[in-house]
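Enquirer: below: sequence and its predicted model.
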Amino acid sequence: MTTDRSFAARIRRYRLENGLILLVLENHANQTVSVSGNLRGGEYLNPPGKAELAGITASMLSKGTLRRSKLEIAEEMESSGARVGFYSNNFTLSISGQSVSHDLPLLLGTMTEELREPAFPADELEKLRQRTIAGIRENQDETGVRAYERLSQIIFPEGHPFHQLTGERTIREVEAISAEDVRRFYDNHYGPGSMILSIVGDVEAEKIRDLVERHLGDWRGPTPPPVDLPFTELQSEPHKEWISMREKANCDVVIGHASRLRRLNEDYIPAIIANRALGQSTISSRLGLVLRDEMGLTYGINSSFSESGIADGPFTIGVTVAPTNIEIAIETALKIVDDFIANGIRDEELRDEQSSLAGSFQVGLATNGAIAGQLTSVELYGLGLDYLDRYPSIIRAVTVDQVNAAIRKYLHPEVATTVIAGTFE
Amino acid sequence: MKKLITLTLVLFFTVIPVSAQQFRVKTHTLKNGMKILVEEDPSIPNVALYIFYRVGSRNERPGTTGLSHFFEHMMFNGAKKYGPKEFDRVMEAAGGANNAYTSEDVTVYQDWFPKSALELIFDLEADRIANLSFDPKVIESERGVVASERRTSVDANNFGVLYEQLQAAAFTAHPYQWPVVGWMVDIENWKMEDLRRHFEMGYSPSNATMVVSGDVSFDEIIRLAEKQIEPIPAHDPPPKVTTREPEQLGERRIIVNKFAQLPLLMIGYHVPEATHADFYPLQVLQTILFSGQSSRMYRRIVDGDQLALAVSGRSDISFDPTLFVISSQPKAGINPEAVEKAITEEIERLKTGSITDEELEKARNTLLANFYRQMKTISGKANTLGTYEVFFGDYRKLFNAADEYRRVSRDDVQRVARTWFASRNRTVATLVPEKPAAGKPGTQD
């Protein structure tokens, strides 16, 4: 059921001839506008031996066009307070931008110029390469990064988008990326056919449609096929590894396994509610209430179905502890998970999580940027324009039995891998 | 280019004026001294409620450093009506979320929630202000949590370690010399009586300002506050911090040796507090030098000479004179001294060289855009109104900010550069990496 104020009634959806999907939501609360979008251009498209190529290509979009240098673009955008940015994740090139509504033509003009006419200058690629490598080296010094990296190698086979190469190997592959590689990646994958663009703010939908048509209507390019990855098999037995690092005051422990949970699984929402009760919040979930509040072992402990979206990612529990508390933290966390599987979620716990999820969804839609992001996500997963209206009732309809079934289906500590990174005496 | 900049500036001032009329702020002071600011914004059915306590690490003393931050944690650990673990559970079950932060000057509690939870939030906040629990078992557990937080955010973080050492070297008398999270030895040794004394000192209603922005009416907020908060008695505020950092008489240099992949460089210059006349010129200076890819430092150090991977500079709004901290990560193989030399040259160029009209206007526009961006959301408004009320003494000064930025002249920027960015007024801290003696970190089964 929708009303005049429902999202479904307010969202305008357009499909340009070249396949680009445009979603516009007028929100005249203040004179600003936010843009969110994506297209299939993520890391899963990297050819073998070219780690980070998608991310580098995305970053290079902002390094100058055939018409202007990056400095000229930065001068103009920074002078008006407008922003546009590109970054890649595992499956998509993501686009974001914001400005005052009067500057939307400037924002869309710059975004289009960078997207359609990148120059990929060699000197900028070299600077970016150095920054990327330095960033990887810095990350390699983080216990949490090292622990998760190793876990991902154990759970996912090499070549899978969630399998993270070692830092040293990634650096070697980044060192070998050429300007031709970047250009080829762009030519092979970037195009409007898989592109979604959401614009929310103080705008008029029909005018925006015309503006986007002028900028992007005649863009042509390849359309990568939809992602088609098999589900990752669950590990057959538990496993434990230690990664020894220098001078670390805290250790990071990551416990995880393949989850087989994707966004479009029919029990996705019950599974997400189960995780909220177990460990999403350090402050109020079961794991945090015991390991942080009662035992004082850690500043942070979380569980998550990280990366559960287009593909099935891992289920993980991550905790940072002093080296002396590693074993008790692991033992206690696993005991809590076992109890959760054996006894399930409590009635009042489910009610609290439902209210919390529905409420945080409402509070989270406070900005144009957040709404634009949600519209893009709804379109990406084909959930329907009324999904944002239906979402609270979908949450409230979840039963204890559904959550408990999801817990038993998706949590498997008996075959989990544990990786501990830190300095050990 | 200039035409565009001018046009944009005009648009900002004509399209998004920040005015008292636009924001409809109403105020009331309860009998116990708590001041309340209400900004009615019915555009979405949500509310942001912030409480600013004028207590931070500057109100601590050697031996009890970090207590303010510890109390930020304790405020979530149970009171009389809502026991341990209840605050977050009840708030989240009502669809709300919360957070808090502690700085050298203030401790701020932030609640975001659907309008329907308004009465409940007042009940929760009143309970913990009036009846905070001091359960020894909970305190011991939380001590472990804070120690873990310190290990993660400072001890295991090269930036955190160097910043802590920079502050300790730059301030010799003023309490800004110790870290907000506290020294580890103090975290391990607080006594119950220290905690009680600190709570009584800092958490009087008369030492707090509440800011509410969102889908509320002023009358309902005051009704709830009079019912829930007003009965809580006031007591003496924290003793006035009278210590002023003596003038620095010469450059200070420190080295931190620590295992790291790359060196780090930080330079701290003493600069004045928020209410000082140089505050706005310093903001413009900061923007010209450090804001965005078209800023002077980025163009010279990261992009042009390619000496560093990143460079940034800023000072925080503060009650007392503080530090303007410049941070940079030199590239592999680049000596931090080369980066320091380039930074110093750019500062000198700002003092004596030309600042173009375009540069000045761009800086003002950037500051205004950032400012308006904050004022777009109810949480941004609550935070900004509270910040102006607490740090500048009157939230209405917020409505002068655009004019203040506009009034900053080229001469102002160069004057504050000459006044505050002198070598005798700075402390230079360098993290010099120690490499492993032999072999690389390995993996063992």
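Expert: That came through fine.

Enquirer: need the strands for the stretch 301-425 of chain A, in chain order.
Expert: A:301-304, A:314-321, A:417-422 (DSSP state E, counting those that start in this stretch).

Enquirer: out of the ones you listed, which is closest to chain B?
Expert: Nearest of the strands of the stretch 301-425 of chain A to chain B, taken as C-beta to the nearest C-beta: strand A:314-321 at 5.6 Å. Placement of C-beta: from N, CA and C, glycine included.

Enquirer: list the residues that contact B:Gly33.
Expert: B:Ser204, B:Pro205, B:Ser206, B:Asn207, B:Ala234 (C-beta atoms under 8 Å, 6 or more residues apart in numbering or on different chains).

Enquirer: just the buried residues of these.
Expert: Among those, those buried by neighbour count (16 or more other C-beta atoms under 10 Å in any protein chain shown) are B:Ser204, B:Pro205, B:Ser206, B:Asn207.

Enquirer: how about the nearest residue to the third one, chain neighbours excluded?
Expert: It refers to B:Ser206. Leaving aside its sequence neighbours, B:Ser206 sits nearest to B:Gly33 (C-beta to C-beta, 6 or more residues apart in numbering or on different chains; 2.7 Å).

Enquirer: doesn't A:Ala277 make contact with B:Glu92?
Expert: No. With contact defined as C-beta atoms under 8 Å, B:Glu92 does not count as touching A:Ala277 (11.0 Å).

Enquirer: quick check: closest non-adjacent residue to the closest residue to chain A within the stretch 51-200 of chain B.
Expert: Nearest residue of the stretch 51-200 of chain B to chain A: B:Gly95, at 1.4 Å (C-beta to the nearest C-beta). Distances taken as C-beta to C-beta, 6+ apart place A:Gly359 nearest to B:Gly95, at 1.4 Å, with adjacent residues excluded.

Enquirer: tally of neighbours for that neighbour?
Expert: 25 (other C-beta atoms under 10 Å in any protein chain shown).

Enquirer: now do it, the pLDDT please.
Expert: A:Gly359 is assigned 87 on the pLDDT scale.

Enquirer: cool, B:Ala437 as well?
Expert: Reported pLDDT for B:Ala437: 54.

Enquirer: and A:Gln402, what does it touch?
Expert: Counted by C-beta under 8 Å, 6+ apart, A:Gln402 has contacts A:Asp267, A:Pro270.

Enquirer: pop out the phi and psi values for the closest residue to B:Thr102 other than its chain neighbours.
Expert: Computed as C-beta to C-beta, 6+ apart, the closest residue to B:Thr102 that is not its neighbour in sequence is B:His69, at 4.2 Å. Backbone torsions of B:His69, given as degrees, to the nearest 10, read phi -60, psi -40.

Enquirer: surely B:His69 is in contact with B:Ser103?
Expert: No. Taking C-beta under 8 Å as the definition, B:His69 is not a contact partner of B:Ser103, at 9.2 Å.

Enquirer: and the stretch 301-425 of chain A, which of its residues are near chain B?
Expert: The stretch 301-425 of chain A comes close to chain B at residues A:320-322, A:351-352, A:355-356, A:358-360, A:362-363, A:365-367, as judged by C-beta under 8 Å from any C-beta of the partner chain.

Enquirer: neighbour-wise, which of these leads?
Expert: A:Val321 (28 neighbours).

Enquirer: didn't the residue of the stretch 51-200 of chain B closest to chain A look like it was pressed against B:Asp111?
Expert: No. Using C-beta under 8 Å as the test, B:Gly95 is too far from B:Asp111 to be in contact (11.4 Å).

Enquirer: OK, contacts around the residue of the stretch 51-200 of chain B closest to chain A?
Expert: A:Ser355, A:Ser356, A:Ala358, A:Gly359, A:Ser360, A:Gln362, A:Val363, B:Phe113, B:Pro114, B:Ser116, B:Ala117.

Enquirer: is it fair to say it lies in a helix?
Expert: No. B:Gly95 is assigned coil when assessed by DSSP: H, G, I helix; E, B strand; the rest coil, not a helix.

Enquirer: now it: phi and psi?
Expert: Dihedral angles (degrees, to the nearest 10) for B:Gly95: phi 90, psi 10.
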